[in-house]
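> Pasted the sequence and its predicted model underneath.
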Amino acid sequence: MIRSRFLSAAIVAVACSSPSIGVCAPPSAARPATASAAPAEPLRLVAPAADFVLKVEKPRAIADLIVLLAGKPELQGFRGYRDFIGSTNYQLFRQLVAHFESELGHSWPDLLDQVAGGGIVVAVKFQPKQPAPVLLVLQGRDPKLTARFFQNLRAMVADEQARQGTTESYKSETYRGIETYQVGKDLYAAALDAALVYSNLPQTLHTAIDQHLDPTKPNLLDDKALAEGRSLVAPDSLAWAWLSLNYAHQSPEVKTLFQLPSTFFPEHVLFGGFLDVARRSPCLVASIRPESGGLALAVQLPRGTDGMHELVRAHVPPPGQPGALPLLCPEGTLYSTSFYLDLGEFWKQRTVLLPAELVKQFEAGDKRSEAILQGTRFSQFLEFSGTRHRFVVARQENTGYSFQSDTHYPAFAWVMELRTPDSFASAIDKPLIGLAFLAGLQVPLDSIDETYKGVKISGYRFVENDANKARAGGRLFNFSPCRAKVGNQYIISSTHELARQLVDTIQKEASQKESPANAASQPGSPSSGGPSSGSANGRSAANSSVTTVHSRLVWGGVSDYLGYFKKQFITRNMLEQGNSPEGAAKEISLLLNLIDQLGTLETNTRIEPNRYEFDVRIVP
């Protein structure tokens, strides 16, 4: 309890609100930071042996963002939020903020900037079967103010201990002329000029003091892997994290992930590109930054296609060829993804991917698959299929049935770009028809063939009889599975309605003439100036940069889809929150409205000769 309150007080300047102005102080209410010299780099206090580093570059900006989000008036509509604001713990928290503001003569934003304006660093050294040494550094601007803050912090903890009747207190010692403090068994602290330093081990604290007193000693800033990782971080990043991969490369539990041949092949089929890059990279770095009114999170490694194993090149197109196709976004889209994956290449490289015994088993299974797939082997399907795939989920207003189930499922479809469209379509028709026949023995089906805008859509609808209506509450009537071929694109859809929308979208794509202007307007296009292009550190995407995966989650679509279950949510809210029916309905409507305002969540995976990047963007 003591340690928890101590740590809470230590970060009170990082995420608190002024008690003098309601719930949260907006950024505009904060006093401007006091002008002072640029603070020292907190990483100078970290020994070069660290395996993980988290640095908050701009604590003030992050605090402003938290205050902005927490201060949204819409949150007052939620009972849980109102209960939290009125809780004893929150009121105590506000009192602590007021205490520091009064004692130090600064508003909390100014105080945060003075005590941690140089950055907040957490460094960890991984040690098997031993406690991992952890170092926390808050780099301030003013040594005198930092000392006063630290003194008030200790006094506040002592008062809290006295209030609780706890006999445990600070233990003070001196190391190389600097006073250090201990609380409990695993919290040690010291003030080093304008920096506050905390650790869970005395040796780690002493090492930080040594780094402070001996500036010529090597520190983490001299680490080449850290320098290589930091070069990928955008200058405007709010915070970043660096992870040395040496531990993973040497760990018996982890390094097996990188081995080829592999006894567990799915990891290389799904994540082979990333694993190969990680195997060759000294580190991984993640950063968060503001972008276009939203936020972007980037995870990067300083290795790319140069030196990539031939096997996992199935995740990356050959040089000069495009990567993922533009996203399919028909009306009502909830989620859409597009990715490059050459499944046929894995079969060609099976002797590299798998141990010899597994290769024999797979080849024997491939021979048996010819009978199951009615004349075509599984390996032939891989050969016929293409390298670019798209998957889309969309809400469906009209299911095509007169009977409407109480449970609504979104429609979904998989679209493949084929190497040999006619061969694939001819080969897959037989097993799909056979599968439908077997399904029809249990669940009555009607075969449906229609021509829509010159495209044949073949599939099935469930018979609207009493047996099917009673089966699983009528949920079958959310589906009408079908397939269609549009040029070299093959659609497998859960509903005829979505298949028609995709035919429209794909035909529109084909009719558009390829030009720089059109290519730049396509989401996910390698040449696009939108979310798929560029890089986290501001460099433009070169011709050697290719997008291999692009995804989008549309929160507005999610909100609309959740609206189908509004009654269930209201009932659950009444039971769990104790709200009246009117109050519960108001909260659920407010929640759906907030979800609708979130915009979209975009993810992209790009690779260059010497860089791999996965980024997530929140686009309001």
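Everything's here; your move.

> Residue 277 contacts residue 303, doesn't it?
Yes - contact criterion Cβ atoms under 8 Å: residue 277 and residue 303 qualify, at 5.0 Å. (Each C-beta comes from the backbone N, C-alpha and C, glycine too.)

> any residues in contact with both of these two?
Common contacts of residue 277 and residue 303 (Cβ atoms under 8 Å, 6 or more residues apart in numbering): residue 612.

> So which bits of the host helix or strand of residue 604 are buried?
For residue 604, the host element (DSSP states H and E) is strand 600-608. Buried residues in strand 600-608, counted by 16 or more other Cβ atoms under 10 Å: 600-608.

> ditto for stretch 333-345
Of all the residues in stretch 333-345, those buried under the rule 16+ other Cβ under 10 Å are 333-345.

> Mind checking which of these are in helices?
Among the buried residues of stretch 333-345, DSSP state H puts 343-345 in helices.

> Tabulate these in JSON lines, adding columns for distance to residue 364 and pLDDT.
Output for those, formatted as JSON lines (distance: Cβ to Cβ, whole Å; pLDDT from 0 to 100):
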{"residue": "343", "distance to residue 364": "19", "pLDDT": "86"}
{"residue": "344", "distance to residue 364": "19", "pLDDT": "85"}
{"residue": "345", "distance to residue 364": "21", "pLDDT": "84"}
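
> tell me the pLDDT at residue 319?
You'll see residue 319 listed with a pLDDT of 84.

> for the nearest residue to it once chain neighbours are set aside, what are its contacts?
Setting aside the residues directly before and after it, residue 319 is nearest to residue 544 in space (Cβ to Cβ, 6 or more residues apart in numbering), at 7.7 Å. By Cβ under 8 Å, 6+ apart, the contact list for residue 544 reads 305, 319, 608-609.

> quick one: which of those is nearest to residue 231?
If you rank the contacts of residue 544 by distance to residue 231 using Cβ to Cβ, residue 608 comes first, at 13.6 Å.

> Confirm that the residue nearest to residue 319 sits in a strand.
No - using DSSP: H, G, I helix; E, B strand; the rest coil, the assignment for residue 544 is coil, not a strand.

> SS state for residue 127?
Assigned with three-state DSSP, residue 127 falls in the coil class.

> Which stretches in the stretch 401-550 of the chain count as helices?
Here the stretch 401-550 of the chain has its helices, by DSSP state H, counting those that start in this stretch, at 421-442, 466-470, 496-511, 516-521.

> Look up phi and psi at residue 58.
In this entry, residue 58 is assigned phi and psi values of phi -130, psi 80 (degrees, to the nearest 10).

> isn't it right next to residue 240, touching?
No - if you go by Cβ under 8 Å, residue 58 and residue 240 don't touch, sitting 10.8 Å apart.

> Among the two, which residue is more densely surrounded?
Neighbours were counted for residue 58 and for residue 240 using other Cβ atoms under 10 Å; residue 240 has more, 23 against 20.

> so who does that one touch?
Counting by Cβ under 8 Å, 6+ apart, residue 240 makes contact with 54-55, 57, 230, 233, 285-288.

> Quick check: the farthest pair among the residues you listed?
Farthest-apart pair in the contacts of residue 240 is 230 and 288; separation 14.6 Å (Cβ to Cβ).
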